[in-house]
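>>> Quick one: sequence plus predicted model below, questions after.
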Amino acid sequence: MQLEPTEPSLIPEAGSGLEPEVIEPANLRPLTQENSLLSLAGGKRLLAEATLAIETQDYNSAAPKLQQARQVFNQLSNFYQQLAGTFTGIDNRIVEEQRQKALATAEMRDEATYQLALVHRAQNKPELSVPLLVQIVSSQNPTRELGKQAYQQLFELGFTETSPTPVAEDGSEPEVLEPQQPKPLLQEDSLLSLPGGRRLIREAGFAIDEGDYSIAATKLQQGRQVFNQLSNFYQQLAEAFSGIDNRIASEQRQKALETAEGRDEATYQLALVHRAQNKPELSVPLLVQIVRSQNPTRELGKKAYQQLFELGFVDFPFPISPASQS
């Protein structure tokens, strides 16, 4: 049986110049309700609940609420953007509406992300804050207020070394106000930091010396993951600040290169450990990654290719020795 609308209306004929009356029965438009899971109202409700939890320092309750909210806003923003693209050149009213909604929900996503980063910092989990803060800087642009706040957090955590305060017009360096507390990411027990990655590599070295290749492989895998994440985050920040603040862009670019080198060194050591474990099939993918990342002309790239040659994965040595050429 077909249900009739509660308030039926006459639809004007085509060409009459009148806009049709929108029929909105009371049981329609459920996504405008606050209890909806995928809506602006639902996302705002989650944010409000998280705020109440933060005020009582119930961070364990606030974190999942904020995570849910940012997922809702991110999905909404993507869907609105897709609709805007679909209606481009067809109906500019809908395009403009969807584009504005995409921007508004992206802003809310970044606000929720920033609050989640602060909650993780309050929980003494800076390694969870860093990826969120980098996302905000990339999304917001470092010149916008939320982008500035996110970078300031990265600086206070010790993830970046260059002050967010711009250089004065006379070229003098800005006065840097160091946080009173130690920067957590500069501590050796940090999970997502250069000191933390280096500690894992040292521990792997001790395990190798004792012939404990199982422990060494685990430590090296963790170390290369840390260095890879760091390199990606530094590269994102370098791109975000390119053309905006060359001090920060240069620092982040250098750190991206340094951590990529650390990743490749850890990867090479892991490949050797797998070879010592008589697992050459695990060594090959790692060695190929190194050759591609390092370039075959660099020392580590040459060593990785030599390992592939010794394993029998490639047939020709590189570089060719003078004796072979003659």
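Structure received.

>>> give me the number of residues near Phe316?
As a burial measure, Phe316 scores 8 neighbours (other CB atoms under 10 Å). The C-beta positions use only the backbone N, C-alpha and C, and glycine is treated the same way.

>>> Is it in a helix, a strand, or coil?
coil (DSSP: H, G, I helix; E, B strand; the rest coil).

>>> Quick check: it vs Ser138, distance?
Distance, Phe316 to Ser138, by CB to CB, to the nearest Å: 42 Å.

>>> cool, Thr267 as well?
Taken as CB to CB, the span from Thr267 to Ser138 is 26 Å.

>>> The two: who's more crowded?
Thr267 (25 against 16).

>>> Pretty sure Gln82 is one of the things Arg99 touches, is it not?
No. Taking CB atoms under 8 Å as the definition, Arg99 is not a contact partner of Gln82, at 11.1 Å.

>>> For these two, indicate the residue with more neighbours.
Applying other CB under 10 Å to Arg99 and Gln82 shows that Arg99 carries more neighbours, namely 17 against 12.

>>> tell me the contacts of the more buried one?
By CB atoms under 8 Å, 6 or more residues apart in numbering, the residues touching Arg99 are Tyr80, Gln81, Ala84.

>>> number of nearby residues for Gln75?
For Gln75, using other CB under 10 Å, the count is 15.

>>> quick one: the nearest residue to Leu185 once chain neighbours are set aside and Glu97, what's the gap?
In this structure, Leu185 finds its nearest non-sequential neighbour in Gly158, 3.9 Å apart by CB to CB, 6 or more residues apart in numbering. Taking CB to CB as the measure, Gly158 and Glu97 are separated by 43 Å.

>>> quick one, which of those two is more surrounded?
The residue with more neighbours, out of Gly158 and Glu97, is Gly158; 20 against 15, by other CB under 10 Å.

>>> doesn't Glu188 make contact with that one?
No. In this structure, Gly158 is not within contact of Glu188 by CB under 8 Å, at 11.9 Å.

>>> from the contacts of Arg99, which single one is nearest Ala204?
Minimum distance to Ala204 across these is 43.9 Å, recorded for Gln81 (CB to CB).

>>> Next up, the contacts around the closest one.
Gln98, Arg99, Ala102.

>>> please redo it, this time with the cut-off set to 7 Å
With contact set as CB atoms under 7 Å, 6 or more residues apart in numbering, Gln81 has these partners: Ala102.

>>> okay, now Gln115: neighbour count?
Using other CB under 10 Å, Gln115 is surrounded by 21 other residues.

>>> pLDDT value on it, please?
Looking at Gln115, its pLDDT stands at 98.

>>> And Ser163, by the same measure?
At Ser163, the pLDDT value in this model is 85.

>>> What strand or helix carries the closest residue to Asp189 other than its chain neighbours?
Leaving aside its sequence neighbours, Asp189 sits nearest to Gly196 (CB to CB, 6+ apart; 7.1 Å). Assessed by DSSP states H and E, Gly196 sits inside helix 194-209.

>>> After that helix, which helix or strand is next?
Next in sequence after helix 194-209, counting helices and strands by DSSP H and E, comes helix 213-241.

>>> Please name every helix or strand in contact with that following helix.
Contacts defined by 3 or more CB pairs under 7 Å, 6 or more residues apart in numbering; DSSP states H and E place helix 213-241 against helix 126-140, helix 194-209, helix 246-276.

>>> looking at the ones you listed, which is buried most?
Stretch with highest mean neighbour count among the helices and strands packed on helix 213-241: helix 126-140 (a mean of 22; mean count of other CB atoms under 10 Å).

>>> Skip the chain neighbours and tell me the closest residue to Glu188.
Leaving aside its chain neighbours, Glu188 sits nearest to Pro195 (4.5 Å; criterion: CB to CB, 6+ apart).

>>> One more: Leu270?
In this structure, Leu270 finds its nearest non-sequential neighbour in Leu220, 4.1 Å apart by CB to CB, 6+ apart.

>>> Retrieve the pLDDT associated with the one you found.
With respect to pLDDT, Leu220 has a value of 98.

>>> again with Arg198
93.

>>> if I look at it, how far off is Leu191?
Taking CB to CB, one finds Arg198 at 13 Å from Leu191.

>>> again, but for Leu47
Taking CB to CB as the measure, Leu47 falls 28 Å from Leu191.

>>> picking that back up, for the residue nearest to Leu185, phi and psi?
Main-chain torsions, Gly158, degrees, to the nearest 10: phi 90, psi 10.

>>> Who are the contact partners of it?
Neighbouring residues of Gly158 by CB under 7 Å, 6+ apart: Lys183, Pro184, Leu185, Leu186.
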